[in-house]
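Visitor: Structure, please.
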Amino acid sequence: MADRKKILPLLPLRDIVVFPGMVVPLFVGRDKSVAALEAALSFDRLIFLSSQIDPSTNEPEEDEIHRVGTISHVIQMLKLPDGTVKVLVEGRLRAKIVHYLPNDRYFQVSAEESIPVPFTGPAAEAMIRNVHASFENFAKLSKKIPQDLVTQVSGVDDPARLADTLASQLPVKVSEKQAVLELETDAERLEKLLLLMESEVEVLEIERRIRGRVKKQMEKNQREFYLNEQMRAIQKELGHGEEGRTELDELEEKIRKRGKGKEANQKAQKEIKKLRMMSPMSAEATVSRNYIDWLVSIPWQERTDDKLDIAEAERILDEDHYGLEKVKERILEYLAVRKLVSKLKGPILCFVGPPGVG
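Guide: Residues are numbered from 1 along each chain as shown. Here you go, the predicted structure:
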């Protein structure tokens, strides 16, 4: 147990998780971090890398750094003119902080290496195949994964190496990567990565469907615009296109000014579009034009005060309609109730009878 514990300088990371087998360049500027690197170079070049819980924290405390990280080897360090340090590190072993040691210059920890749990047999083979298939599918949809990486991953059959390679390359949140790093076994890590990839694939497929619908709608609009322009050119050549266009524009302006409801407005626009593609001399154009005129003439937003004078209504009914006593009586009953009650449900009267009796 004691052999697996090491006393190492700690370098807190922002927005990155380093996995075993991963070679990555880091830019370091904080005084404590630079001192930790110098301490590592002066001894055995080993350093403990762990992500901050909140990457925006400039001077993290001990409880603001994840307990699980990676024992890494410092390959190269270069001091830049602006005072920052560029360092190339290679992740080697997954480890956990046992406790912090007192040190004023940099973070120093006692870290314990994780014991690898072998993952073999048919279950491991099945999991590896599923992970390979899912990653290939993700790479096809993502378009951000280079083909050489797909080839590299497809050739990895070791569960531990496969899990670390995928975890380091997947474009997922830092918190998700940290969660993978903290899992104890290769089986758990591969299963977590499989779930992450399936989730990303689902999101990418939805994005692809949305892009497809948008593209199809744009193509449809472009096609309609092109055909309309062709129709206008043809009508102009026939000698009546420019007049017809002005008249239709006036109708369209009237439709907008009338302020109809959404459904009526959509219907009117549809008829205008049809009318633009018709010959002005055709019978269908006359029917469509009359229908649009009727839609425009309806007082959609105009309101009048109700006249509920029963005696006057009876006089007008007797003057304009002969007979139909039951119908007149029903209308007068409705007006009487309407006079007593300010609001009525279903204020529509339906009269049934043979043609011509109205």
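Visitor: State the pLDDT value of the most centrally placed residue in the chain.
Guide: Against the mean C-alpha coordinate of the chain, by C-alpha atoms, centre = their mean, the closest residue is residue 207 at 7.0 Å. Here, the pLDDT recorded for residue 207 equals 85.
Visitor: the helices in the chain, which residues?
Guide: If DSSP state H is used as the criterion, the helices of the chain fall at 31-42, 122-142, 147-154, 159-169, 174-182, 186-238, 241-258, 262-276, 283-297, 310-320, 325-340.
Visitor: So which of those helices is the most surrounded?
Guide: Across the helices of the chain, averaging neighbours per residue (mean count of other C-beta atoms under 10 Å) puts helix 159-169 on top, at a mean of 22. No exception for glycine: its C-beta is placed from N, CA and C like everyone else's.
Visitor: What lies in contact with it?
Guide: Residues outside helix 159-169 that contact it (C-beta atoms under 8 Å, 6 or more residues apart in numbering): 17-22, 91, 116, 119, 124, 127-128, 131, 135, 145, 149, 152-153, 156, 177, 180-181, 186-187, 189-190, 193, 197.
Visitor: swap in stretch 113-120?
Guide: For stretch 113-120, the surrounding residues in contact (C-beta under 8 Å, 6+ apart) are 4-6, 71, 93-96, 127, 159-160, 184-187, 190.
Visitor: just those residues now: which is nearest residue 86?
Guide: residue 71 (20.8 Å; C-beta to C-beta).
Visitor: Leaving out the residues flanking it, which one is nearest to the closest one?
Guide: Closest residue to residue 71 apart from its sequence neighbours, by C-beta to C-beta, 6 or more residues apart in numbering: residue 93 at 4.4 Å.
Visitor: Could you report the neighbour count for that neighbour?
Guide: Residues near residue 93, counting by other C-beta atoms under 10 Å, number 18.
Visitor: State whether it and residue 20 are indeed in contact, as I suppose.
Guide: Yes. Counting by C-beta atoms under 8 Å, residue 93 touches residue 20, with 6.0 Å between them.
Visitor: what is in contact with these two at once?
Guide: Common neighbours of residue 93 and residue 20 are listed as residue 70 (criterion: C-beta under 8 Å, 6+ apart).
Visitor: Report pLDDT for residue 193.
Guide: Residue 193 is assigned a predicted lDDT (pLDDT) of 90.
Visitor: now the one 3 residues further on
Guide: Among the per-residue scores, residue 196 holds a pLDDT of 89.
Visitor: any idea how far stretch 6-17 is from the chain center?
Guide: When distances are taken as C-alpha atoms, centre = their mean, to the nearest Å, stretch 6-17 is centred 34 Å away from the chain's centroid.
Visitor: now swap in stretch 72-84 and tell me
Guide: Centroid separation between stretch 72-84 and its chain, computed with C-alpha atoms, centre = their mean, is 39 Å.
Visitor: How about stretch 101-109?
Guide: Per C-alpha atoms, centre = their mean, the centroid offset for stretch 101-109 relative to its chain is 44 Å.
Visitor: Stretch 158-178 now?
Guide: Between the centre of stretch 158-178 and the centre of its chain there are 24 Å (C-alpha atoms, centre = their mean).
Visitor: for this protein, which spans come out with low pLDDT?
Guide: Within the chain, the ranges that satisfy pLDDT under 70 run 1-3, 235-251, 253-262, 264, 276-282, 298-306, 308, 342-358.
Visitor: just checking, residue 33 touches residue 12?
Guide: Yes. Using C-beta under 8 Å, residue 33 makes contact with residue 12 at a distance of 7.0 Å.
Visitor: who does residue 24 bridge with?
Guide: When bridges are called by DSSP bridges, residue 24 pairs up with residue 89.
Visitor: pretty sure it is in contact with residue 89, am I right?
Guide: Yes. Residue 24 is within contact range of residue 89, at 6.3 Å (criterion: C-beta under 8 Å).
Visitor: Identify the contacts common to these two.
Guide: Common contacts of residue 24 and residue 89, defined by C-beta under 8 Å, 6+ apart, comprise residue 18.
Visitor: higher neighbour count, those two?
Guide: Set residue 24 next to residue 89 and count neighbours by other C-beta under 10 Å: residue 89 wins out with 24 against 17.
Visitor: quick check: domain ranges of this protein?
Guide: Domain assignment for the chain by automatic domain parsing gives 2-113, 122-205, 239-297, 304-351.
Visitor: which ones are touching residue 172?
Guide: The neighbourhood of residue 172, defined by C-beta under 8 Å, 6+ apart, consists of 196, 200.
Visitor: May I see the domains of the chain organised as JSON lines, with distance to residue 232 added?
Guide: Shown next, in JSON lines, are these (distance: least, C-beta to C-beta, whole Å):
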{"stretch": "domain 2-113", "distance to residue 232": "56"}
{"stretch": "domain 122-205", "distance to residue 232": "41"}
{"stretch": "domain 239-297", "distance to residue 232": "6"}
{"stretch": "domain 304-351", "distance to residue 232": "41"}
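Visitor: Minimum distance to residue 214: which of those domains has it?
Guide: Among those, the nearest to residue 214 by C-beta to C-beta is domain 122-205 (15.1 Å).
Visitor: ok, and the closest non-adjacent residue to residue 313?
Guide: Leaving aside its chain neighbours, residue 313 sits nearest to residue 335 (5.6 Å; criterion: C-beta to C-beta, 6+ apart).
Visitor: any idea how far that neighbour is from residue 138?
Guide: 71 Å (C-beta to C-beta, to the nearest Å).
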